Structures are given as C-alpha cells and as structure tokens.
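Trainee: sequence unknown, structure follows:
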C-alpha cells in the first residue's frame, strides 16, 4: 500500500497496487510494531500550555493494553461502541488503540459538541462506554437518563461520582483480561458521524482497512511523507476524519511524532508561534484556518518556520488562498479531497507538478474518481456533474450505521456519490463547484459558491465570507453574501457597494452578490465547514 519510489505522477498511478494484509489492524501498525522496534521513539508531543510532555510508543502500548484489559474486564466485547470525547491529548490516542485491540468500534466525538449533538450520536450509536474529561462528563451526566446503553464512564481527570478515573483504571488492570482474538482489515474499527450540513448526522462505519486506504493520499500531498525529521501537527480536532485520518493515525503509522495542542479556539498568531516553537515540518490546516492565517502580515519574516509541507482539505481551498501560500510562506498548499464516507481520494502534489490554482488535484493513485451524470455515465471534460468514487476502495465506508436505505442511496451503480458538484478538465484535474444544495441558480446560470467566496476574500476588508442563494421571483435566486470584516473595517452601505462592485468587475454580472450582510461570525460545523443551510434560512 506504500507508494513506489517513482517521481512521476502518471507512472505512480499506473504502477500502484493495493496490498492490504488480511490481518491489518490499526493498533498494530500505529503502535505495536513501533513499540517492539523502538519503544523509546516519541509518538505524541503535547505542547499545550507552553510546556512539553512526550509519550513514547512504548508508553502508548502499555497504557492502551491496560485500558483495553480494563474495558474487557467490565464486559465490553467485540463490536461494542466506545465513545471518545476528548481534545488532543495522549489519552485520546490510548482510548482509540484500546478499542481497536478489543475489536470494539471507536466513536470519536468533538469536544465542542453541545448536548443535543452528543445525545444524537451517543443514542444512535448505542455507545456502551464513554472516555472523556470533566467538561465532557458534565454534558454526559445531563444526558445519562436518556442513554440506557451507556454503562461505563471513564474520566481522564480522575474518578468523579459514577465515572471511573482513567489512570486508576489502567493501574488496576490485568493483562490476562485481554482477548486473544485480534480484528483484521475488514472488521469494523471506527465510526465517524457526518458533519450534518444537510440533515441529521449519520454514522459512517469504517473497517480497519480505512487507514491503509489513506496512505497514498497522505504520502503525496506531504511530498513523499515521511522524510527524515518530519513532525506532524494539525489544529483540526482529532475527532474529525481530517484530524484523525489525515494527520494523527497516518503519522503514527509511519513513526512520525505528532504534536498535540489544546486551545479554546484557533488563533492565527498562536498557530504561527506554535509552528515556530515546535519546528513543525508537516501541517494539515483546513481552509477556514488558512484564511485566518492570511490576516497575519509577513509571517515568513516574523516567524522562523520549518514547514516542509502544508496540506489542506475539508472544503474548497480557493485560488486566492493557494496563491497566498506561495507568496507568504513559499509553499504550495497541497489540497486534497474526500468525505467522511470515503476520504483522501483526490489530491495535489507540487513536487510532482500536480498543482493548479483553484483545482483540488487529480485522483490519488489507487483510487478511481470521476465526475458523473445522474445516470452514472461519465461527464465530458469541462462538463459539470457530481464528483463520485468507484468501488471497491479500501478507504470507502462499510455502511451508514443501521441505515441500509441511506447506504443504498449513496450509490449509483458502482459509483459512490458525494453530493458535490464539480468538473474535470482534459488534464484530469478536478474542480469543486459546490454541494448539490449549495449551487446557486440565477437567471439560468449555475453558480458555485466557492468561486464567489474566493473573489470576496481578495477584497482587503474581507476576513471570511460565505455565498448562498436567496429566492428571487425574477432570477429564481440571487447571490447573497455573508461577510466577516477584518479588524479596522466597519459595516456600511458604502463598503457593501464597494464589495459588490469588486466581485462584479472580477467575475461577472450574474455572479456578484446582490445582497451583502455583515456578520460577526459564520455558522460552522466542528470541522470548520460553513453551514450554508443555516445561512439560507436567515430572513
């Protein structure tokens, strides 16, 4: 499953073949083999609070073994769901590894989730155990009466009422309770809930092979990762597919240390300071966070950065942010694309010349992706359709949890649909237009919000922007823009008109926003995606 050492993209795509061992287990490749080979090798470098706490692979193995044994002794069995509601920390990794060793299904949950989001996921998944901290425990207690299947609470902050203390639990564990059976490549390992941008979140169930399926998609955007001295960091929550499968687990699999850092919110200056202090070599930073970094003037001059690679995904990067990476950081931001159900299937790699402003990239070797019509036939170059991925694919989900009809609707023949509109050019580059329900229809034109938002970001007053369609009796819809201003700018009718004219003269008369709303913030999922559905509902 590793990419051959060929420095030509087309040759790589032709030569690559999947070789996922039947016994492939995430815990084995991310911990066990490194603990046996180099137990003192650093795995997690926790840089929270200005200090540094190092957890080695040997320590990870010992702690995850003990936690797995303790969970087994309390009745957890193969297939049970273990919810993990924690920020970036060693205990998050140990809980994941313990679940994988038991044959349980890890259920990562974002620390920013409110009680309604948590209740839906915990109830829908039928979670039997929850590993969390004091903040998560307070939320869980408020929900406990309505979650009869949730039998075991474990707190990393020590025993609290009915919750067992994490450290005390593993200290009293007997490794004799560890089961001999070890799940393999096709066994369920992980369930990540969709972002919920278009409706109630669904649990996408993945097998252990999902990590193997991510390998080419991590190696290429990070320019033949790993290289000597590499060090991975992402501000993305490890509960998100991006933070977990684009950064944390692949890095551990390759023996590359991962920097953990907890902060109440993403702040651009703090992010640059962390990258300087820890000498980060590889970063996965979602587009929204990158746009916030753009507000920092002359970052390469103000901070001594060691970045070798910078990758982004989760939503469209846009040509403007791509150019900023080259101009301000001297790096090509390698974009990649996927979904919770089938991640890291398209991408770019500047080292191989696969990098084009405004384009996601090309299908990653090992994955077959295309742009299709409603009947499943492939679109012609330049023709807009739905981005889709062909099965079988090791990175593809097994099913939506307990929703066979929704699983079936996800496919047109052997194409897994994404709900994302795009087009592929004659060179094989895929361009993202927008989600099916995000595309704006105005005066007969189909307008992707990404292009409008990218143009808005070029205006010196604009910090963040979102474009949606607003019903209009004459044009079907008009473009409506929601704009967060940079510091030093104030909302006014004059500024709104200036922004409208800025877009009109750079795009076209049918694409400029006929309505501009200034807002303090944009509604976003915990993964940093703009929830345009909520913006469309605003009067």
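Mentor: Cool, the structure landed. Just so you know, these numbers come straight off a predicted model, no measurement behind them. Residues are numbered from 1 along each chain as shown.

Trainee: centre of the chain to the longest helix seen in the chain, how far?
Mentor: Ranked by residue count and defined by DSSP state H, the top helix of the chain is helix 57-73. When distances are taken as Cα atoms, centre = their mean, to the nearest Å, helix 57-73 is centred 27 Å away from the chain's centroid.

Trainee: in the stretch 151-300 of the chain, what spans have low per-residue confidence?
Mentor: 195-199 (pLDDT under 70).

Trainee: all strands for it, in order.
Mentor: For the stretch 151-300 of the chain, the strands defined by DSSP state E, counting those that start in this stretch cover 152-155, 164-165, 188-193, 203-207, 232-233, 258-260, 282-284.

Trainee: over to the stretch 1-150 of the chain?
Mentor: Using DSSP E, counting those that start in this stretch, strands in the stretch 1-150 of the chain cover 42-46, 53-56, 81-85, 105-109, 129-132.

Trainee: what helices or strands is the first one leaning on?
Mentor: What it means is strand 42-46. Applying 3 or more Cβ pairs under 8 Å, 6 or more residues apart in numbering; DSSP states H and E, one finds that strand 42-46 contacts strand 53-56, helix 57-73, helix 90-102, strand 258-260. Quick note: C-beta positions are derived from backbone N, CA and C, even for glycine.

Trainee: can you put these in a markdown table and add distance to residue 490 and mean neighbour count?
Mentor: Shown next, in a markdown table, are the helices and strands packed on strand 42-46 (distance: least, Cβ to Cβ, whole Å; neighbours: other Cβ atoms under 10 Å):
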| stretch | distance to residue 490 | mean neighbour count |
| --- | --- | --- |
| strand 53-56 | 44 | 16 |
| helix 57-73 | 51 | 22 |
| helix 90-102 | 42 | 27 |
| strand 258-260 | 38 | 24 |
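
Trainee: so what's the residue nearest to residue 276 when sequence neighbours are not counted up against?
Mentor: Excluding the flanking residues, the one nearest residue 276 by Cβ to Cβ, 6 or more residues apart in numbering is residue 303, at 4.5 Å. Shown in contact with residue 303 (Cβ atoms under 8 Å, 6 or more residues apart in numbering): 272, 273, 275, 276.

Trainee: which of those fall within helices?
Mentor: 272, 273, 275, 276.

Trainee: which two of the residues you listed have the greatest separation?
Mentor: 273 and 275 (7.4 Å; Cβ to Cβ).

Trainee: quick one: which of these two has more around it?
Mentor: Comparing residue 273 with residue 275 by other Cβ atoms under 10 Å, the one with more neighbours is residue 275, at 24 against 13.

Trainee: excluding its backbone neighbours, what's nearest the more buried one?
Mentor: That would be residue 305: by Cβ to Cβ, 6+ apart, it lies 5.7 Å from residue 275.

Trainee: residues contacting the one you found?
Mentor: When contacts are counted by Cβ under 8 Å, 6+ apart, residue 305 touches 272, 275, 276, 280, 299, 329.

Trainee: that one and residue 280: what is the separation?
Mentor: 8 Å (Cβ to Cβ, to the nearest Å).
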